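Engineer: When you get a sec, could you give me coordinates for this:
(one chain, ligands or ions: 1)
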Amino acid sequence: MSRIFVTGGSGRLGRSVVAGLAEAGHAVISVDRDAIPAEQLPAGAEQYTADLLAPGEAERLIRETAPDAVIHLAAIAVPFSAPEDVIFSTNTRLAYAVVSAATDAGVLKIVTASSPTALGYGSPAGWLPPSFPLDEQTPPKPWNAYALSKLIAEQTVQMFAAAQGEKIRYAAFRPCYVISPEEWEGALTQQGHTVRERLDDPALSAPAQFNYVDARDVADFLDVLLNKMDSIPNGEVFFVGAKDALATAPLAELFPRFLPGSGPLTEHLTGTSPAFSIDKARELLGWEPKRTWRTELTPAYEGPDTASEQAANTQAALNDEIHAGLVPAGATKETP
Ligand SMILES: NC(=O)c1ccc[n+]([C@@H]2O[C@H](COP(=O)([O-])OP(=O)(O)OC[C@H]3O[C@@H](n4cnc5c(N)ncnc54)[C@H](O)[C@@H]3O)[C@@H](O)[C@H]2O)c1
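Structural biologist: Numbers count the residues shown, from 1 in each chain. Take a look at the predicted model:
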């Protein structure tokens, strides 16, 4: 059991992170400008309301609560939801204030939330990555203050890692479009529509490249990350997403409609394949998301799901080839 200090613990993602880490047996200290309603504060969690941008506040709270780890989530989390200069200064100052205070207080594990938007998709000037799936090697090209502030949050932990050597462990993670438990049951998502509407109209999910992640899977990821941080390189960045796309049709069909020029890059995204790879988190940490929209949406989606059908047909064809002795049992065929 560890003592984990979570900033932004009252937010869309923070509530599930506080609950998930408390459920995993940790003592959680949630710090946010807004309080979690008392009846929703999980057993094993305590909370403080504070403005973490107030001078000295982050350091005071971290020293008083003496955590083993800090997870920094507090931010303005929606691009263009405030003037650009306000988003830039709020998010970069918050990241610096929390990470530097935790470092000065001698906290040994420090993690900050970044965002996939750091890659730069959605730019009005056009955007195409060198290849799909998108991963931690994809060059970031932020085009707005939010995306830039998240890239700077990553660089903030990397700067402290460079200065501290191996003594303190740092990491950053890029959660895909976060779906909290109540949103599976119809509450509005961050962009103001429901998950079901996002599935029915791919134009709603296309701006985020059809990515998503269940907030509880992010909590699981953070638990695993904190456990493994001593044994992985310092200052690493991870994508944290679902294993499939938030779409009912294969992305190979959807991308050419929504991202001009992407056809040749995405034709291998067949079946339920997502646009973002989580292989780094799988390989370095052994983390695997447990939930998908197909398991969580309540009531279940009843419309057409050609992505699943295509995945099932591909698997059936592979099974036939295995039975016919064309592919060694246990081997998976390379995706073209
Ligand atoms: N929700 C997503 O889809 C998503 C995707 C990628 C990255 N992220 C990142 O994950 C983190 C959490 O996102 P979220 O969706 O839970 O956002 P959210 O807006 O729901 O929560 C952010 C929390 O930070 C708190 N906060 C902001 N400024 C503060 C301050 N000065 N002092 C104390 N608390 C402050 C807010 O009160 C809020 O509760 C953010 O860093 C966001 O950039 C979120």
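Engineer: For the rest of this, base every contact and every neighbour count on C-alpha atoms.
Structural biologist: Will do.
Engineer: tell me which parts of this structure are close to the ligand?
Structural biologist: Within reach of the ligand by C-alpha under 6 Å from any ligand atom, the chain has these residues: 8, 10-14, 32-34, 50-53, 73-77, 113-115, 174-178.
Engineer: So which of those sit within helices?
Structural biologist: Among the residues of the chain next to the ligand, the subset assigned to helices under DSSP state H consists of residue 14.
Engineer: Identify the residues contacting residue 224.
Structural biologist: 285, 287 (C-alpha atoms under 8 Å, 6 or more residues apart in numbering).
Engineer: Which other helices and strands does the helix or strand harbouring residue 294 contact?
Structural biologist: Per DSSP states H and E: residue 294 is located in helix 293-296. Using 3 or more C-alpha pairs under 8 Å, 6 or more residues apart in numbering; DSSP states H and E as the contact test, no helix or strand touches helix 293-296.
Engineer: Contacts for it next, please.
Structural biologist: For helix 293-296, contacts defined as C-alpha under 8 Å, 6+ apart pick out 184, 246, 300, 301.
Engineer: Tell me how many other residues surround the second one.
Structural biologist: This means residue 246. Per other C-alpha atoms under 10 Å, the neighbour tally for residue 246 reads 30.
Engineer: ok, residue 21 - contacts?
Structural biologist: Residue 21 makes contact with 27, 28, 219, 220, 223 under the criterion C-alpha under 8 Å, 6+ apart.
Engineer: How much space separates it from residue 250?
Structural biologist: Distance, residue 21 to residue 250, by C-alpha to C-alpha, to the nearest Å: 34 Å.
Engineer: For the stretch 101-250 of the chain, which segments count as helices?
Structural biologist: 145-164, 181-184, 195-200, 202-205, 215-228 (DSSP state H, counting those that start in this stretch).
Engineer: Would you check that residue 110 makes contact with residue 171?
Structural biologist: Yes - using C-alpha atoms under 8 Å, residue 110 is in contact with residue 171, at 6.6 Å.
Engineer: list residues touching both of those two?
Structural biologist: With C-alpha under 8 Å, 6+ apart, residue 110 and residue 171 have common neighbours residue 157.
Engineer: any idea which of the contacts of residue 21 is closest to the ligand?
Structural biologist: residue 219 (11.6 Å; C-alpha to the nearest ligand atom).
Engineer: Tell me how many other residues crowd the residue lying closest to the closest one once chain neighbours are set aside.
Structural biologist: Distance criterion C-alpha to C-alpha, 6 or more residues apart in numbering; nearest residue to residue 219, sequence neighbours excluded, is residue 17 at 4.5 Å. Number of residues near residue 17 (other C-alpha under 10 Å) recorded here: 29.
Engineer: Is residue 17 within a helix or a strand, and which one?
Structural biologist: Counting by DSSP H and E, residue 17 is found in helix 14-23.
Engineer: Quick check: the residue nearest to residue 219 vs residue 236, distance?
Structural biologist: Residue 17 is 20 Å from residue 236, by C-alpha to C-alpha.
Engineer: ok, back up a step: reformat the helices of the stretch 101-250 of the chain as TSV; add distance to residue 93 and mean pLDDT.
Structural biologist: Below are those laid out as TSV (distance: least, C-alpha to C-alpha, whole Å; pLDDT from 0 to 100):
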stretch	distance to residue 93	mean pLDDT
helix 145-164	9	98
helix 181-184	30	96
helix 195-200	32	96
helix 202-205	30	97
helix 215-228	23	98
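Engineer: From the chain's centroid, how far away is stretch 126-142?
Structural biologist: 16 Å (C-alpha atoms, centre = their mean, to the nearest Å).
Engineer: re the thing from before, may I have the helix holding residue 294 as PDB, with CA atoms only?
Structural biologist: Only the C-alpha atoms of helix 293-296 are listed here, as PDB (Å, rounded to 0.1, in the frame of the first residue of the first chain):
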ATOM      1  CA  TRP A 293     -17.500   0.000 -25.400                       C
ATOM      2  CA  ARG A 294     -18.800  -3.400 -26.400                       C
ATOM      3  CA  THR A 295     -18.600  -4.600 -22.800                       C
ATOM      4  CA  GLU A 296     -19.600  -1.400 -21.000                       C
END
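Engineer: Thanks again, I'm all set now.
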